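Undergrad: could you look at this predicted model? Sequence included:
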Amino acid sequence: MEPQCRIRREYPNAEPYKLYRAAMQDAADALAGTGALCRTWIQDFTYNPPGAPYKVTYGVGEVKAQIKAVEEQGLNEWMLWNASNN
């Protein structure tokens, strides 16, 4: 699961906690009682799209915010995603 693709926000990278909280709540609701698991990608790189009115540098705080949002929904599987592979 890639939350940025599921939650339609104009600038999803600007609020990693809110984005993942909403996406993981949707996932938890959709999977409730099915026995299925959700394993999401956690963004671990900086991406500021052209024309974005903000600049967000992803670091430890942003990664931890996403993990917190995932775990608050009772989900405990995730993978770090770094588009640059560095």
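TA: Okay, I see it.

Undergrad: closest to the centroid, which residue in this protein?
TA: When the chain is reduced to its mean C-alpha position, the nearest residue by CA atoms, centre = their mean turns out to be residue 20, at 4.1 Å.

Undergrad: pretty sure it contacts residue 65?
TA: Yes - under the criterion of CB atoms under 8 Å, residue 20 makes contact with residue 65 at 7.4 Å. (C-beta placed from N, C-alpha, C; glycine too.)

Undergrad: for the record, mean pLDDT for the biggest helix by length in the chain?
TA: Counting by DSSP state H, the longest helix found in the chain is helix 16-31. On average, the pLDDT along helix 16-31 is 87.

Undergrad: following the chain onward from that helix, which element is next?
TA: Remark: after helix 16-31, the chain's next helix or strand is strand 40-43, criterion DSSP states H and E.

Undergrad: so which elements touch that next one?
TA: helix 3-6, helix 16-31, helix 60-72, strand 78-81 (3 or more CB pairs under 8 Å, 6 or more residues apart in numbering; DSSP states H and E).
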